[in-house]
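**Student:** Only the shape, not the letters, is given here:
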């Protein structure tokens, strides 16, 4: 997988979720043309079509549906983990750690910090 392919796959997932290039472009804050170019490049790299397009609708192909079966839970899991990590601080950055001190994650919440 090339480094930016995950972003392209997330764009594909957003388009299928919105069932529209226009809606996905609005949601992602990019142009419809940029999304279209991204999907065309992704489909070309993968060697199969992910989306069936008409002038009025867009829907995943059978291959697109199969990919979404794995992709959607994976993206949701990544989102959840990033959200969880955004609520923690690495001890090294919070305190003046001395050499040899243990490293741990501490989570913001309540009246203070709690150790993970």
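**Tutor:** Great, that's in hand. Since the structure is predicted, the reported quantities are computational estimates derived from the model, not experimental observations. Residues are numbered from 1 along each chain as shown.

**Student:** contacts, neighbours, all on C-alpha from now
**Tutor:** Fine.

**Student:** Quick one: name whatever helix or strand follows the helix or strand where residue 41 lies.
**Tutor:** Assessed by DSSP states H and E, residue 41 sits inside helix 32-46. Going down the chain from helix 32-46, the next helix or strand is strand 51-53, by DSSP H and E.

**Student:** Return the set of buried residues in that following strand.
**Tutor:** Across strand 51-53, burial judged by 16 or more other Cα atoms under 10 Å covers residue 51.

**Student:** distance between the helix ranked longest in the chain and the chain's centre?
**Tutor:** In the chain, with assignment by DSSP state H, the single longest helix is helix 62-85. Centre-to-centre, helix 62-85 and its host chain are 7 Å apart (Cα atoms, centre = their mean, to the nearest Å).

**Student:** for stretch 76-87, same thing?
**Tutor:** Remark: stretch 76-87 is offset 10 Å from the chain centroid, using Cα atoms, centre = their mean.

**Student:** What average pLDDT does that stretch get?
**Tutor:** On average, the pLDDT along stretch 76-87 is 84.

**Student:** ok, now stretch 43-57?
**Tutor:** The average pLDDT within stretch 43-57 is 93.

**Student:** Show me how far that stretch is from its chain's centre.
**Tutor:** Distance of stretch 43-57 from the chain centroid (Cα atoms, centre = their mean) equals 20 Å.

**Student:** thinking again about what came up before, which of the residues in the helix holding residue 41 are buried?
**Tutor:** Buried residues in helix 32-46, defined by neighbour count with 16+ other Cα under 10 Å: 32, 35-36, 38-39, 42-43.

**Student:** Now do it: everything it contacts.
**Tutor:** Contacts with helix 32-46, where a contact means Cα atoms under 8 Å, 6 or more residues apart in numbering, come from 5, 8-9, 11-12, 21-22, 24-25, 49-50.

**Student:** If anything else comes up later, I'll come back, but that's it for now.
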